[in-house]
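A.B. asks: Next come a sequence and a model predicted from it.
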Amino acid sequence: MNDFQWAPVGPPLPVSPPPLPPARVDFTGDRGDFRRLVTKGAALELVTFGFYRFWLVTDIRRHLWSNTSVNGDAAEYTGRAKELLLGFLFALAILVPIYLAYFLVTIEVERFQGFASTPLFISFYAFGQFAIYRARRYRLTRTVWRGVRFWMDGSGWAYSLRAMLWGLLVFLTLGLALPWREASLERYKMQHSHYGDLNGDFVGDGWTFFKRGWWLWLLSPVAIIIFPLAPFFYAEFKARQWRWWLSGIRIGGVSLESKLPHDAFYGLYWKVIGWTMLLSMALGMYVSICTALVVKLGGGSLEDVVGGDGFNSIPLLALTVIGYFAMALAFNIVMRVYLQRDLWAKVLETTHVHGIEAAANVRASGELASALGEGFADGLDVAGF
Amino acid sequence: MSDVSQPIAAAEQPPRIAIFFDGVTSRRREVTLALLDQLEIVETGEAAIRWAYADIRRADSPAGLLRLSCTSAPPLARLEVRDTQLASDIVTRCARLDEHRTSRRGVAKIVGWSVAAAASLVAVVLFGMPLAADRLAPLVPEALQQRIGDAAEVQVKAIFGGGVCNDPEGQAAFTKLVNRIRDAAGLDASVKSAVLPTSVPNAFALPGGKVYMLKGLLDRADNPDEVAGILAHEFGHLKHHDNMRGLIYNGGTSFLIGLLFGDVTGSSAVIFASRSVVEASYSRDAEQAADTFAIEMMHALGRSPKPAAELMYRITGKEGGKGITILASHPLTEDRLARMTKEDQPPSGPPLLTAQEWKALKGICGGSGKV
């Protein structure tokens, strides 16, 4: 569910109509710049125990937004890391009493019936959906094109209720209802999204999405058996989802059209898998070398160092933890370069905007949203981008 | 991309063309700039807009484009300059152009504050939480402890197949044993205990004054002193409010450690690992204290604490060398045995149960009791 949440924010966009040729969407960001940005960010995230994440995520968005141009004019992201930090702190202040209340309710319910409190988890899922909606609202109100902001109204709780009911239906139909869920939720989000005084809409329908992807649903058991097929299936699904989603977006008289090929993401996912394997092998070799060194220097036998249930040597444990961190760091960089930057670029280069002239003289409007939603999303671990 | 056309009267040399968005509408305005004592933005047929150089700030833009905002203009008003010569002319005039951007010093500040925040969280985990847990645990209302205990009891019984062992003679012997220790411990009659029918050799205390012994432990015990020492240890946990202390401490540290590592990918593993280490050390301290309590109780009853440690050793075997000791929730059994052996002394009081009663106790779960 990850990429979809932030997706709506993307490129400000456009439309379809008269004989004018469609406007182009371009991504002009330099890949090297982005790589340096996320490498430095990952390192700082490590030395700041993760607190740098607010700055890193802001820098990533600023890079992606400002290098995305529609009809020649580049977008801009005006959100700032301090807003995210504050949103996170406020969200904590609100979540702490909620966690406590959750704890007390759990006790009462458990007294009544063992393990009866499991369904309470559902309340956290609902809260997560609310956070997703509010986080999107924050990102959208920080998205500027031609000196005018996007903005959103609507209610996070109304959205959450929809998401829950549709989620239940998807669960009951073993996933078959997913396209209709996506269409309904997207409609809610887009109909409450605005660019200045233009109103958004979403015209994609579940049936179209279903027709494009039903065979993937049918074949998914095959991917579980023949494991190497899974990335192909997933890439295929994501590409079809993106294309359907983008092509359904309307903002006033502006409409988007995506010509994303169905195989567009194969390479990206395989590169990520390749890097992951490479990194795991590197970690494995590193740990073996460390073990050999510790055994040699410490003079003990292999069994003394790695006995019974795990490591027995504190130095080896420390070295392993360092190796683990280095790998997590490298993995983060790989994910961000391929699955954020490269994926973004691939999606944009196949997107066209029709009727852009409808956005030629839009009047600014709408309120800025706070970053509280992003804070919840962070606190609940549901945020995407 | 701006094709320039209209010749402009204003400026001296080449036409200084830029694109301007006024931040109120999305209209793309072709404007000419005049670099006077202020930056003058002129759209044909409109009144000139003036930006003081000191108010001009750089906004994010793609490479090859200078994008400016102005603190005294609408916040989203943007001026875009593509001509490099013109751009550098403007940049040299705007002394505070990049003032708002995160500098190297800014990053150092973020790192500094993060490290300080992390250090303070670690200090709270290591020193603040144990203190808070010790002070708060005795203050938790009895009713709440009772409720937590009831909830845990429902789960425990579900896990161990429901029901308690209740052979009447065995129950009588068990009650006698429990009462003797309880009285010595100075706990009131609200303390409940029972034997659960499962072959797992263990015993534990729950909040609200409940102590459970599992049949597996009873089966492996050779005499009443062994069982009594273990029960005394569990009563020690009750006496010290260890359940509530653990609950407060573990809840608090999980929360703080989660806060510390946030969402660095893979952090769940880190959170889990650091929690395990911190909580295990706290738990080892609590176990040590409960052992101390058990030793005192057994001495007070005129019995030796050593048999209980022997029973534990029989069950776990030698533990050192297995696994990581910093992750163990209890002190090593051999260390506990050594400690209780030191405290060994010949019995000075009467046996806690008669041979008859001991036999009955072993059979509390129904016929299967072997002596």
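C.D. replies: Received it, and whenever you're ready, just let me know what you need.

A.B. asks: Quick check: B:E80 touching B:I17?
C.D. replies: No - with contact defined as C-beta atoms under 8 Å, B:E80 does not reach B:I17; the gap is 10.4 Å. Quick note: C-beta positions are derived from backbone N, CA and C, even for glycine.

A.B. asks: Poorly predicted segments of chain B, please.
C.D. replies: Scanning chain B for pLDDT under 70 picks out the ranges B:1-14, B:162, B:258-278, B:320-328, B:367-371.

A.B. asks: Which strand runs longest in it?
C.D. replies: For chain B, the strand with the greatest residue count under DSSP state E is strand B:29-35.

A.B. asks: hmm, who's touching the helix or strand just after it?
C.D. replies: Using DSSP states H and E, the next helix or strand after strand B:29-35 towards the C-terminus is strand B:39-42. With contact meaning C-beta atoms under 8 Å, 6 or more residues apart in numbering or on different chains, strand B:39-42 is reached by B:8, B:10, B:18, B:20, B:31-34, B:48-53, B:56, B:79, B:90, B:93.

A.B. asks: Work out the gap between strand B:39-42 and the centre of the chain.
C.D. replies: Distance, stretch centre to chain centre, for strand B:39-42: 58 Å (C-alpha atoms, centre = their mean, to the nearest Å).

A.B. asks: Past it, which element shows up next along the chain?
C.D. replies: Next in sequence after strand B:39-42, counting helices and strands by DSSP H and E, comes strand B:49-51.

A.B. asks: Give me the helices and strands touching that next one, please.
C.D. replies: Packing partners of strand B:49-51 (3 or more C-beta pairs under 8 Å, 6 or more residues apart in numbering or on different chains; DSSP states H and E): strand B:39-42.

A.B. asks: could I get the helix or strand hosting A:R212 in PDB with only the CA atoms?
C.D. replies: For A:R212, the host element (DSSP H and E) is helix A:206-225. Output of helix A:206-225 as PDB, limited to C-alpha atoms (Å, rounded to 0.1, in the frame of the first residue of the first chain):
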ATOM      1  CA  GLY A 206     -13.100  -0.200 -10.600                       C
ATOM      2  CA  TRP A 207     -14.300  -2.300 -13.500                       C
ATOM      3  CA  THR A 208     -11.600  -0.900 -15.800                       C
ATOM      4  CA  PHE A 209      -8.900  -1.600 -13.200                       C
ATOM      5  CA  PHE A 210     -10.400  -5.100 -12.700                       C
ATOM      6  CA  LYS A 211     -10.200  -5.900 -16.400                       C
ATOM      7  CA  ARG A 212      -6.600  -4.900 -16.500                       C
ATOM      8  CA  GLY A 213      -5.500  -6.900 -13.500                       C
ATOM      9  CA  TRP A 214      -7.900  -9.800 -12.800                       C
ATOM     10  CA  TRP A 215      -5.500 -12.400 -14.300                       C
ATOM     11  CA  LEU A 216      -2.800 -11.300 -11.900                       C
ATOM     12  CA  TRP A 217      -5.100 -12.000  -9.100                       C
ATOM     13  CA  LEU A 218      -5.900 -15.400 -10.500                       C
ATOM     14  CA  LEU A 219      -2.200 -16.200 -11.100                       C
ATOM     15  CA  SER A 220      -1.000 -15.000  -7.700                       C
ATOM     16  CA  PRO A 221      -0.900 -18.500  -6.200                       C
ATOM     17  CA  VAL A 222       1.500 -19.500  -9.000                       C
ATOM     18  CA  ALA A 223       3.900 -16.700  -7.800                       C
ATOM     19  CA  ILE A 224       3.900 -18.200  -4.400                       C
ATOM     20  CA  ILE A 225       5.000 -21.600  -5.800                       C
END
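
A.B. asks: mean confidence score for it?
C.D. replies: The average pLDDT within helix A:206-225 is 85.

A.B. asks: quick check, distance from it to the centre of its chain.
C.D. replies: Counting by C-alpha atoms, centre = their mean, helix A:206-225 is centred 22 Å from the centre of its parent chain.

A.B. asks: mind listing what's buried in that helix?
C.D. replies: Burial within helix A:206-225, assessed by neighbour count using 16 or more other C-beta atoms under 10 Å in any protein chain shown, is assigned to A:G206, A:F209, A:F210, A:R212, A:G213, A:W217, A:S220, A:A223.

A.B. asks: what's next to it, contact-wise?
C.D. replies: A:175-176, A:178-184, A:229-230, A:232-233, A:236-237, A:240-241, A:243-244.

A.B. asks: Strands of the stretch 151-300 of chain A, start to end?
C.D. replies: In the stretch 151-300 of chain A, strands defined by DSSP state E, counting those that start in this stretch lie at A:193-195, A:198-202, A:249-251, A:254-258, listed in chain order.

A.B. asks: would you turn the ones you listed into TSV with mean neighbour count and mean pLDDT?
C.D. replies: Output for these, formatted as TSV (neighbours: other C-beta atoms under 10 Å in any protein chain shown; pLDDT from 0 to 100):
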stretch	mean neighbour count	mean pLDDT
strand A:193-195	25	94
strand A:198-202	18	94
strand A:249-251	26	94
strand A:254-258	23	93
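
A.B. asks: now for these, which one comes closest to chain B?
C.D. replies: With C-beta to the nearest C-beta, the closest approach to chain B among the strands of the stretch 151-300 of chain A belongs to strand A:193-195: 8.1 Å.

A.B. asks: Work out the sheet partners of the closest one and label each with its direction, please.
C.D. replies: Strand pairing for strand A:193-195, using DSSP bridges, gives strand A:148-152 (antiparallel), strand A:198-202 (antiparallel).

A.B. asks: how near is A:I249 to B:P74?
C.D. replies: When distance is defined by C-beta to C-beta, to the nearest Å, A:I249 is 27 Å away from B:P74.

A.B. asks: Excluding covalently adjacent residues, which one is nearest to whatever residue of chain A ends up closest to chain B?
C.D. replies: Residue nearest to chain B within chain A (C-beta to the nearest C-beta): A:G147, separated by 2.9 Å. In this structure, A:G147 finds its nearest non-sequential neighbour in B:F21, 2.9 Å apart by C-beta to C-beta, 6 or more residues apart in numbering or on different chains.
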